[in-house]
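Asks: Sequence first, predicted model second:
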There are 2 protein chains.
Amino acid sequence: MNDGKKMYKADVIKQEVLEKLRKLGEKIYRDLSRGEFPELNIPSRTTKNIVYDDKLRQYVLAGKMKERTTKNIRHLRPFAQLLWIASFGKKLIEAAKTSTLRDTYYVAIGEGIDFEDQAESDEMIMELESIIDSPREDFHIFPEERASIYGDLVIEYTVPGFRGKRVDLSSHPDGFAIGPALTTAEFVKCGAEVLFVIEKGAVFSRFVEEGADKKYKALLLHTAGQSPRNARKLIRRLHEELSLPVYVFTDADPYGVHIASVLIHGSALSAHIKGINVPDAIWAGVWASDITRYRLPSMKLNDQDIKRLRELEQDPRYQNDPWRREIKEFWKIKRKAELEAFSRYGLDFIVKEFLPERLAELQKR
Amino acid sequence: MNDGKKMYKADVIKQEVLEKLRKLGEKIYRDLSRGEFPELNIPSRTTKNIVYDDKLRQYVLAGKMKERTTKNIRHLRPFAQLLWIASFGKKLIEAAKTSTLRDTYYVAIGEGIDFEDQAESDEMIMELESIIDSPREDFHIFPEERASIYGDLVIEYTVPGFRGKRVDLSSHPDGFAIGPALTTAEFVKCGAEVLFVIEKGAVFSRFVEEGADKKYKALLLHTAGQSPRNARKLIRRLHEELSLPVYVFTDADPYGVHIASVLIHGSALSAHIKGINVPDAIWAGVWASDITRYRLPSMKLNDQDIKRLRELEQDPRYQNDPWRREIKEFWKIKRKAELEAFSRYGLDFIVKEFLPERLAELQKR
């Protein structure tokens, strides 16, 4: 099990990304050695250049590019910033270290790179993602937030110090934090047949305590609100590599709808990145229509909910059912409910009654 | 290792709390069977009744009590609410299930208990804590938020389904989520000699990647901001049961000072609960004075920071050094910095340079 020479998928990605970064650097050198002003074509990430790709079933960038050239004195600063980010990413990969958006900003400050604030370095990191077409996790810039996972899956680490070691994700019922090590691990052995993605910690605990993992041979993944990007990537990998169907459980409010949708269709903000959404994942509730159907304790939609609901209505991702149907229902009842609301029928109701009903219903379609 | 009859500390606590709840119920029955209106003496939790206890070195309630009697028609509603919470807590313990503040509110709604909103049921839960002098985790109401932990410690679970099973907390470098199972586990074997408590996820990752756990034989605990209560209890247990000295690392801003202080002195909000703070824990930085000393990238204090700083100044917990000294320094420089700011000297600086310097300094005293 502990073969140091073993080649992991993570190693392949590492080589690919290093190669992309090297090519980027070579392009600059080539321009310079020819006596030309270095320039780069950078995908435009403005909202006007974002389209929904029916084939990929996610938001993607349309073809519009912008040119950044060192001929233009106003381009010099972002040009240098971008190259610094690329070289920092390369160093992170080579040193097998990870960083965060915030950390990266501070390292830049320390090295005398002129970033006005973190928003500016974040922007450059996203620009690099779009140029080399790889998510920032692939050049080792990870989210600070941690989702967690529990269930019948053995993983094998690929990070230094743990390379080749394995851990059984059913050995800690409170869940394993999803950080850089888990994100880059390989899946060795999986007894699960489905993945339940859950927005709320209380409901994750409920699923564990009621044995939903055993009853449904399910992995349980707790996103803790909007899912961090590396957790979205992990969900995609679990779906692709292990063929696990994915069911998403969120609150019945416009924000919960959005959380489910981002997992399924991708977000506009990461339209420049492919492969972190799961188009085949199924939004399993709580739906607006469940509020009436299950007589759930509910609250009135507030102004922010209404505003968000209007935005959802305009969005191409919400033009089909169940999305369209449920948005209509929200307008009708003007109320929202939480996943925990099922506890009005006792703590075990959500797993013992709601879950089998919902799964049967979804599988009939 | 898998002795079903084994008596864990968690089992002892369970019996104690059940006994306290039973006594509470018996008192009501006794009043009723004597033909008297049931009444209860409840510790007053108003700010006027909170004092800092120099001996316990935490905030505690002073002696003031309030009487709640069913003679008074206006007391009937909170009286019934409180008894429902007590009976729900008893059911949770007996069924070996856990709940959250929010979940509890919904179960109450479902059972027709008249709570106006969750704030009202939260209040009753805290009232029950103060009456039976046990934190709500002991009657199985846990925080939804999850801190996480990593390091050379083997634990043994006491929760159903996992009772007697063990897990090595050094087997997953991203950290083990601290939920009900870990909170109630026993410590079986510990190779660590110190506990580092860290506010930020990025810095937790930094400590893991730079091997701070091995260099300092340290457990690493990530609070993810203000520490959830069960994590505070766990820190206390690690300190008491394993005699681990505790060092706390927070941002150099008034909020970070408060996070460290709550871990050390307890919070006013939980003055009615004993045993979840660690008076001997040491606040290890980042201090306001570190901003100048290490020339850290810093930001101006905003209005909220200033307001909070004024509050800290009035608070008895901050009258000694390093607190007083550092609050003075904040007034002087009017700036704040984050833990990640050390990354200006490279990602390894915080563990390789800052940490040994700070520990040497603190141990000299």
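Replies: Ah, there it is. Here the structure is a predicted model, which means the values were calculated and not measured.

Asks: so what's the residue of the stretch 201-350 of chain A found nearest chain B closest to, chain neighbours aside?
Replies: Nearest residue of the stretch 201-350 of chain A to chain B: A:Arg344, at 2.9 Å (C-beta to the nearest C-beta). All C-beta atoms are positioned from the backbone trio N, CA, C, and that covers glycine. In this structure, A:Arg344 finds its nearest non-sequential neighbour in B:Gly110, 2.9 Å apart by C-beta to C-beta, 6 or more residues apart in numbering or on different chains.

Asks: give the contact list for that neighbour.
Replies: A:Pro297, A:Ser343, A:Arg344, A:Tyr345, A:Gly346 (C-beta atoms under 8 Å, 6 or more residues apart in numbering or on different chains).

Asks: Can you list the low-confidence ranges for chain A?
Replies: A:1-4, A:365 (pLDDT under 70).

Asks: ok, now with 90
Replies: Applying pLDDT under 90 to chain A flags residues A:1-6, A:46-48, A:50-59, A:114, A:144-146, A:266-270, A:274-275, A:314-319, A:363-365.

Asks: and it, what are its domains?
Replies: Annotated domains of chain A cover A:9-139, A:147-364 [automatic domain parsing].

Asks: Point out the most buried one among these.
Replies: domain A:147-364 (a mean of 20; mean count of other C-beta atoms under 10 Å in any protein chain shown).

Asks: quick one on the thing from earlier: quick one: the residue of the stretch 201-350 of chain A closest to chain B from B:Leu83, how far?
Replies: Distance, A:Arg344 to B:Leu83, using C-beta to C-beta, to the nearest Å: 19 Å.

Asks: Please apply the same query to A:Asp53.
Replies: For A:Asp53 relative to B:Leu83 (C-beta to C-beta), the value is 58 Å.

Asks: ok, A:Ala185 to A:Ile282 distance?
Replies: 25 Å.

Asks: my read is A:Lys66 is in a strand, agree?
Replies: Yes: under DSSP: H, G, I helix; E, B strand; the rest coil, A:Lys66 falls within a strand.

Asks: So what pairs up with it in the strands?
Replies: A:Ile42 (DSSP bridges).

Asks: Was I right to think it contacts A:Arg45?
Replies: No: at 9.2 Å, A:Lys66 does not count as touching A:Arg45 under the criterion of C-beta atoms under 8 Å.

Asks: Tell me the residues on the stretch 201-350 of chain A that lie near chain B, please.
Replies: A:201-202, A:205-206, A:209, A:211, A:224, A:297, A:338, A:340-347 (C-beta under 8 Å from any C-beta of the partner chain).

Asks: Looks like A:Glu156 contacts A:Asp168 (just checking).
Replies: No: using C-beta under 8 Å, A:Glu156 makes no contact with A:Asp168, being 11.0 Å away.

Asks: Find the nearest non-adjacent residue to A:Pro160, please.
Replies: A:Ala96 (4.8 Å).

Asks: Please disregard the earlier target; I meant A:Ala284.
Replies: Closest to A:Ala284 by C-beta to C-beta, 6+ apart is A:Tyr247, at 4.3 Å.

Asks: What of A:Glu39?
Replies: Leaving aside its chain neighbours, A:Glu39 sits nearest to A:Thr69 (3.7 Å; criterion: C-beta to C-beta, 6+ apart).

Asks: same thing with A:Phe139?
Replies: In space, A:Phe139 is closest to A:Gly89, 3.3 Å off (C-beta to C-beta, 6+ apart).

Asks: Isn't the one you found up against A:Arg22?
Replies: No: assessed by C-beta under 8 Å, A:Gly89 is found out of contact with A:Arg22, at 11.5 Å.

Asks: what residues does the helix or strand A:Val203 falls within touch?
Replies: Element membership for A:Val203 (DSSP states H and E) is helix A:201-209. Residues outside helix A:201-209 that contact it (C-beta under 8 Å, 6+ apart): A:148, A:150, A:173-175, A:196, A:198, A:213, A:218, A:220, A:222, A:224, A:249, A:339-340, A:343, A:347, A:350-351, B:97-100, B:102-103, B:142, B:144-146, B:179-180.

Asks: rerun at 7 Å
Replies: Contact with helix A:201-209 is made by A:150, A:173, A:175, A:196, A:198, A:220, A:222, A:224, A:249, A:339-340, A:347, A:350-351, B:97-98, B:100, B:102-103, B:144-146, B:179-180, as judged by C-beta atoms under 7 Å, 6 or more residues apart in numbering or on different chains.

Asks: On the three-state scheme, A:Leu195 is what?
Replies: Strictly by three-state DSSP, A:Leu195 counts as strand.

Asks: My guess is it contacts A:Leu221. True?
Replies: Yes: between A:Leu195 and A:Leu221 there is a contact under C-beta atoms under 7 Å: 6.3 Å.

Asks: okay, and the common contacts of the two?
Replies: Contacts common to A:Leu195 and A:Leu221, judged by C-beta under 7 Å, 6+ apart, are A:Ile235.
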